[in-house]
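Chemist: I'll drop the sequence and a predicted model, then ask my questions.
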Amino acid sequence: MQELIARLSDVTGLDENKAETALGIILSLIKSQGNAEKVEALFARLPGAEELALRHGGSKTGGLIGKLGGGLMGGPLLAVSKMQAAGLSMTQIRLLGAEILRYAKEKAGDRLVQEAAASIPGLSGYL
């Protein structure tokens with residue numbers, strides 16, 4: 001994850017601590033809102049993703065329980081709100097999201113990333 005955090009810092013202008021926090025928030029969203037099988041497969045290709053997601057609030061349960069806890073449509077909006085509260089601008093959030101997608105596709109392939117993203121209610125509006 002350190003390679004991705006450094007890339008996020010370069011792209012967004014955030015210091016590495018804020019970049020890590022924002023990445024953790026997004027990974028937590030993916031873990032708590034995404035299809036458990038798709039997320040597990042994706043995280044297996046992104047070493048350190050699971051730990052970072054859990055550190056930043058990701059539910060260990062994921063799936064339906066995670067969706068109920070985070071609200072089916074509130075997940076992406078809540079993640080954006082958390083990143084704004086951490087001091088990120090909407091421009092930085094968009095740049096961060098685009099770079100995370102690029103990195104994930106490099107490591108896990110387009111198909112798996114698209115399948116995992118498609119399993120998260122409300123996320124398509126942010127892609």
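Modeler: Now that the structure is in, tell me what you want to look at. Numbering: from 1, shown residues only.
Chemist: state the mean pLDDT of stretch 99-112.
Modeler: Mean pLDDT, stretch 99-112: 95.
Chemist: against Ala36, how distant is the residue nearest to Leu46 when sequence neighbours are not counted?
Modeler: Leaving aside its chain neighbours, Leu46 sits nearest to Lys107 (5.7 Å; criterion: CB to CB, 6 or more residues apart in numbering). In short, each C-beta sits where N, CA and C put it, glycine included. The gap separating Lys107 from Ala36 is 19 Å, by CB to CB, to the nearest Å.
Chemist: ok, now Arg111?
Modeler: As judged by CB to CB, Arg111 and Ala36 stand 18 Å apart.
Chemist: report the contact partners of Ala41.
Modeler: Listed by CB atoms under 8 Å, 6 or more residues apart in numbering, the contact partners of Ala41 are Ala108, Leu112, Ala116.
Chemist: now the element after the one helix or strand Arg94 maps to, going C-ward?
Modeler: Using DSSP states H and E, Arg94 sits in helix 90-108. Next helix or strand after helix 90-108 toward the C-terminus (DSSP H and E): helix 110-118.
Chemist: tilt between that next one and helix 90-108?
Modeler: 130 degrees (axes from the mean of the first three to the mean of the last three CA atoms, to 10 degrees).
Chemist: mind listing what's buried along helix 110-118?
Modeler: By neighbour count on 16 or more other CB atoms under 10 Å, the buried set for helix 110-118 is Leu112, Val113, Glu115, Ala116, Ala117.
Chemist: for stretch 102-112, same thing?
Modeler: Tyr103, Ala104, Lys107, Ala108, Leu112.
Chemist: pick out whichever of the contacts of Ala41 sits closest to Thr21.
Modeler: Ala116 (21.3 Å; CB to CB).
Chemist: was I right about the closest one contacting Gly34?
Modeler: Yes: taking contacts as CB atoms under 8 Å, Ala116 lies within contact range of Gly34: 5.4 Å.
Chemist: now the common contact residues for these two.
Modeler: Leu42.
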